[in-house]
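Q: Structure here, sequence nowhere to be found:
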């Protein structure tokens with residue numbers, strides 16, 4: 001993502017006020033466009049289904065989509081992050097056939113896992129009728145494949161293609177829903193499945209037009225087994241960190257039975273979802289400023305390490321790298337803290353304007369504050385990925401998830417006023433662990449580059465931590 005960050009930074013620098021506004025808007029679309037588009041579409045769909053499907057039908061559609069989104073992220077996490085890492089290596093090696101082969105294997109694996117999960121969740125636990133269960137499972141499988149395929153478009157610098165693909169699928173689905181004379185749950189699920197399939201097809205079409213070489217399946221030794229296991233586990237932990245408090249509260253005292261044995265917590269879900277949307281400004285800054293500046297500083301140090309520079313000049317570059325990292329992090333935290341403060345103050349009029357349940361304000365406020373620390377955790381894992389220390393990424397997200405789960409359980413009987421505390425506490429723990437790990441690695445970075453994490457010394461699997 002640093003590539004587009006360079007372009008946006010140049011636009012902001014050379015375009016005056018208009019350039020700054022344009023770069024910020026485009027950065028928001030790239031970093032969180034699909035998320036924002038989906039959020040608006042979900043809100044509109046909930047309103048539409050409440051009118052046209054009745055309370056029972058609307059609850060079924062909402063439950064299917066909530067579970068499909070969370071479970072698709074979980075199913076795609078280990079495969080998607082592994083595929084992205086391997087595809088990056090193939091792109092660097094100019095191996096177009098290898099990219100296509102990796103994507104085919106990843107999509108097949110992700111789809112297979114999602115179909116199995118969907119059959120259990122929607123067919124058995126939700127006890128949906130056969131047609132509805134099959135359609136819900138298809139939605140889950142195709143969403144999983146979208147999660148896996150979409151990051152490739154950023155590697156191809158086709159940044160606009162992802163939000164456009166989402167808009168295409170959602171727009172066609174919305175048009176079809178408007179044309180249905182007598183909506184029913186199975187028809188609505190079929191239309192949603194078709195929209196997701198159209199989004200996936202659009203993404204795959206762009207990828208296929210770029211990589212036209214015949215697919216070459218990845219070799220068994222394409223990535224060291226230990227490294228693959230750590231990377232996959234880090235992907236799972238990253239998703240669990242975001243979702244674990246929601247999953248637990250679906251079983252909490254204020255939860256409701258939705259379909260079958262599946263449950264939801266509408267108050268926490270609504271507040272948490274809106275609170276997470278406040279992260280968009282911080283994600284934009286992470287894209288345009290923080291990662292871009294860090295990428296330049298890190299590249300300068302690598303050039304000196306691979307050239308004829310003295311140890312003194314290498315250490316000077318390391319010092320510049322650490323200062324750049326601290327400055328970028330400080331700017332991002334200050335901006336996101338301001339957004340969190342505004343969200344805290346304006347929560348009441350915001351919820352009145354959108355007609356949301358006032359009890360969700362607590363979850364919204366706590367979640368908005370937690371996004372400050374969540375962004376810090378994300379930034380630290382970006383740095384650790386540059387350092388090729390995936391074991392530390394796994395440790396950061398695991399600490400986040402465990403902290404969130406423990407804090408949620410400690411507030412189990414506190415009611416809706418405690419919603420969001422688990423996520424916020426987990427974010428604080430994850431950010432603290434991430435900062436400590438990055439600081440230690442940055443102090444010893446010269447040693448790590450030459451010895452401590454040098455594949456010729458420690459092997460292709462890299463360090464554990």
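A: Yep, it's here. Nothing here was measured: the structure is a model prediction, and the numbers come from that model.
Q: gap between the residue located most distally from the centre of the chain and residue 304?
A: Computed with Cα atoms, centre = their mean, the residue of the chain farthest from its C-alpha average is residue 310, at 40.2 Å. Here residue 310 is placed at a distance of 9 Å from residue 304 (Cβ to Cβ, to the nearest Å). Quick note: C-beta positions are derived from backbone N, CA and C, even for glycine.
Q: And the pLDDT at residue 218?
A: Here the pLDDT value assigned to residue 218 is 81.
Q: next one: residue 309
A: 87.
Q: In a strand, it, correct?
A: No - assessed with DSSP: H, G, I helix; E, B strand; the rest coil, residue 309 is coil; it does not lie in a strand.
Q: tally of neighbours for it?
A: Residue 309 sits with 15 neighbouring residues when counted by other Cβ atoms under 10 Å.
Q: got the contact list for it?
A: residue 317 (Cβ atoms under 8 Å, 6 or more residues apart in numbering).
Q: quick one, phi/psi of residue 143?
A: Phi and psi for residue 143, reported as degrees, to the nearest 10, are phi -60, psi -40.
Q: and the residue lying closest to it once chain neighbours are set aside, what does it touch?
A: Leaving out its chain neighbours, the residue that sits closest to residue 143 by Cβ to Cβ, 6 or more residues apart in numbering is residue 72, at 3.8 Å. Contact analysis of residue 72 by Cβ under 8 Å, 6+ apart lists 114, 140, 141, 143, 144, 146, 147.
Q: Just the buried residues of those.
A: Listed as buried from the contacts of residue 72 are 114, 140, 141, 143, 144, 146, 147; burial here means 16 or more other Cβ atoms under 10 Å.
Q: and which of the residues you listed is nearest to residue 361?
A: Of all the buried ones among the contacts of residue 72, residue 361 sits closest to residue 143, with 29.5 Å by Cβ to Cβ.
Q: Would you check that the closest one makes contact with residue 68?
A: Yes - using Cβ atoms under 8 Å, residue 143 is in contact with residue 68, at 5.7 Å.
Q: element containing the residue nearest to residue 143?
A: helix 54-92 (DSSP states H and E).
Q: Which residues belonging to that helix are considered buried?
A: 57-87, 90-91.
Q: Could you identify the helix or strand that succeeds it?
A: Following helix 54-92 toward the C-terminus (DSSP H and E): helix 96-118.
Q: check which helix or strand covers residue 257.
A: Per DSSP H and E: strand 256-259 holds residue 257.
Q: other SSEs contacting that strand?
A: Helices and strands touching strand 256-259, by 3 or more Cβ pairs under 8 Å, 6 or more residues apart in numbering; DSSP states H and E, are helix 54-92, strand 262-264.
Q: Distance to residue 252 and mean pLDDT for these - can I get that in CSV?
A: Formatted as CSV, those follow (distance: least, Cβ to Cβ, whole Å; pLDDT from 0 to 100):
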stretch, distance to residue 252, mean pLDDT
helix 54-92, 15, 89
strand 262-264, 9, 94
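Q: Looking at these, spot the one closest to residue 376.
A: The nearest among those, by Cβ to Cβ, is helix 54-92 at 20.2 Å.
Q: quick check: domain ranges of the protein?
A: 33-223, 273-453 (automatic domain parsing).
Q: Would you tell me which of the ones you listed gets closest to residue 241?
A: domain 273-453 (3.8 Å).
Q: for the closest one, the distance to its chain's centre please.
A: 13 Å (Cα atoms, centre = their mean, to the nearest Å).
Q: ok, now stretch 268-288?
A: 11 Å.
Q: Quote the end-to-end distance of it.
A: 32 Å (Cα to Cα, to the nearest Å).
Q: same check, this time on stretch 448-457
A: OK, stretch 448-457 end separation, Cα to Cα: 10 Å.
Q: I'd like to check what contacts that stretch. Which residues are they?
A: 301, 302, 305, 387, 388, 389, 441, 444, 458, 462, 463.
Q: Is the last one in a helix, a strand, or coil?
A: Secondary structure for residue 463, judged by three-state DSSP, is coil.
Q: Quick check: pLDDT value at the closest residue to it other than its chain neighbours.
A: Leaving aside its sequence neighbours, residue 463 sits nearest to residue 453 (Cβ to Cβ, 6+ apart; 5.1 Å). According to the prediction, residue 453 has pLDDT 88.
Q: Next: the one 5 residues further on.
A: Reading off the per-residue confidence, residue 458 sits at a pLDDT of 84.
Q: pLDDT below threshold where in the stretch 301-450 of the chain?
A: The stretch 301-450 of the chain contains no residues with pLDDT under 70.
Q: tell me the strands in it, going along the chain?
A: Taking DSSP state E, counting those that start in this stretch, the stretch 301-450 of the chain contains no strands at all.
Q: What separation is there between residue 160 and residue 168?
A: 12 Å.
Q: Residue 319 now?
A: 48 Å.
Q: neighbour-wise, which of those two wins?
A: Between residue 319 and residue 168, counting by other Cβ under 10 Å, residue 168 is the more crowded of the two (16 against 13).
Q: Now do the helix holding residue 72 and helix 96-118, the angle between them.
A: 150 degrees (axes from the mean of the first three to the mean of the last three Cα atoms, to 10 degrees).
Q: Which of the buried ones among the contacts of residue 72 lies at the shortest distance from residue 288?
A: Looking across the buried ones among the contacts of residue 72 and measuring by Cβ to Cβ, the closest to residue 288 is residue 147, at 23.9 Å.
Q: Please list all residues in contact with the closest one.
A: 72, 73, 76, 77, 80, 110.
Q: farthest pair in those?
A: Most distant of the contacts of residue 147, by Cβ to Cβ, are 73 and 110, 11.1 Å apart.
Q: who wins for neighbours among the contacts of stretch 448-457?
A: Busiest of the contacts of stretch 448-457 [other Cβ under 10 Å] is residue 389, holding 25 neighbours.
Q: Ramachandran angles for that one?
A: Torsion angles, degrees, to the nearest 10, at residue 389: phi -110, psi 70.
Q: separation between residue 200 and residue 110?
A: Counting by Cβ to Cβ - residue 200 and residue 110 are separated by 11 Å.
Q: More neighbours: the two, which one.
A: Per other Cβ under 10 Å, whichever of residue 200 and residue 110 has more neighbours is residue 110, with 27 against 23.
Q: Show the low-confidence segments of the stretch 51-200 of the chain, by residue range.
A: Ranges of the stretch 51-200 of the chain meeting pLDDT under 70: 154-159.
Q: With distance to residue 296 as added columns, please give the contacts of residue 147 in TSV.
A: Listed next are those as TSV, based on distance: Cβ to Cβ, whole Å:
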residue	distance to residue 296
72	35
73	31
76	31
77	30
80	27
110	34
